[in-house]
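1. sequence? don't have it. structure:
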């Protein structure tokens, strides 16, 4: 008798759109579209010894927090993975060791080489929305660990800075905080990152890439949900800390 979580919960989740999204981190149409991409690859064969697990149940178990199973079998190469990443514009290149410095990891990446070779297709400078007469270039925000270049902007170093430089550093830090939240948002959406990845290095890289592809896949189809962001968690925490009236 089928008494697993999929068989006891899935039909109830399908009947409630909000619960379905909170459980799978995507809408039911997105779930069905993703299933259509991977169904052939994850469909097993029933034998006399055992009945194979259905594709929708495999996808259910994977998205509910056990992403390793599907990635390990190489099932996440969906047809539009590259286009999904391109829409959000987030190149992903995991695999560096934690002992390496940020600047070393960046300089050894394909992203940096393309940036240096002028092959990254960075848009040409455009007129600023603030009305400045000079066309402003597109830049990448970095911290003190990175070197200054044409498209990389870092804060001014030192303690005794002029007011203009301090204001510049403050504005830059505000933009940098959004970047620092990116992993928190990814981990809040895909719960595989709520625990250490006790897998091989190559499999850990595949897990990270799969989560980034799924993240862009969902955002392209379902938009941005505030429940998936750290801001929502912070707001909930602040509301809980308020004294009772």
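-> Good, I have the coordinates. All of these numbers come straight from a predicted model, not from anything done at the bench.
2. what helices or strands is the helix or strand where residue 40 lies leaning on?
-> Taking DSSP states H and E as the criterion, residue 40 maps to helix 28-42. Applying 3 or more CB pairs under 8 Å, 6 or more residues apart in numbering; DSSP states H and E, one finds that helix 28-42 contacts helix 17-24, helix 55-63, helix 201-222. Where C-beta positions appear, they are placed from N, C-alpha and C, glycine not excepted.
3. what angle sits between that helix and helix 17-24?
-> Interaxial angle of helix 28-42 relative to helix 17-24 (axes from the mean of the first three to the mean of the last three CA atoms, to 10 degrees): 40 degrees.
4. ok, and for helix 28-42, which residues are buried?
-> 30, 31, 34, 37, 38, 39, 42 (16 or more other CB atoms under 10 Å).
5. okay, the helices and strands packed on helix 28-42 in TSV with mean pLDDT, mean neighbour count and distance to residue 180 next?
-> Converted to TSV, those look like this (pLDDT from 0 to 100; neighbours: other CB atoms under 10 Å; distance: least, CB to CB, whole Å):
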stretch	mean pLDDT	mean neighbour count	distance to residue 180
helix 17-24	85	16	25
helix 55-63	82	20	26
helix 201-222	85	19	17
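6. continuing past the helix or strand of the chain with the lowest mean pLDDT, what's the next helix or strand?
-> Least confident helix or strand of the chain, by mean pLDDT, DSSP states H and E, is helix 81-88 with a mean of 33. Next along the chain after helix 81-88, taking DSSP H and E as the criterion, comes helix 102-107.
7. and the next helix or strand after that next one, what does it pack onto?
-> Remark: after helix 102-107, the chain's next helix or strand is helix 110-116, criterion DSSP H and E. Of the remaining helices and strands, none touches helix 110-116 by 3+ CB pairs under 8 Å, 6+ apart.
8. flag every buried residue along stretch 167-174.
-> 169, 172.
9. which residues sit against it?
-> When contacts are defined by CB atoms under 8 Å, 6 or more residues apart in numbering, stretch 167-174 is touched by residues 141, 153, 154, 155, 156, 161.
10. for the last one, grab the count of nearby residues.
-> Just to be clear, that refers to residue 161. By other CB atoms under 10 Å, 14 other residues sit near residue 161.
11. and for the fourth one?
-> One way to gauge burial is a neighbour count; for residue 155, by other CB under 10 Å, it gives 20.
12. look at it and report its pLDDT.
-> The model reports residue 155 with a pLDDT of 89.
13. isn't it up against residue 145?
-> No. Residue 155 lies out of contact with residue 145 (CB atoms under 8 Å); the separation is 10.6 Å.
14. for the host helix or strand of residue 173, buried residues please.
-> For residue 173, the host element (DSSP H and E) is helix 163-189. Neighbour counts over helix 163-189 (16+ other CB under 10 Å) mark 169, 172, 176, 185, 186, 188, 189 as buried.
15. now swap in stretch 192-203 and tell me
-> 192, 193.
16. do the same with stretch 125-142
-> For stretch 125-142, by 16+ other CB under 10 Å, it's 140, 141, 142.
17. and that stretch, end to end?
-> Using CA to CA, to the nearest Å, one end of stretch 125-142 lies 19 Å from the other.
18. I'd like the distance from it to the chain centre, please.
-> Computed by CA atoms, centre = their mean, to the nearest Å, the chain-centroid distance of stretch 125-142 equals 27 Å.
19. before we move on, what about stretch 175-189?
-> So, by CA atoms, centre = their mean, the centroid of stretch 175-189 is 8 Å from its chain's centroid.
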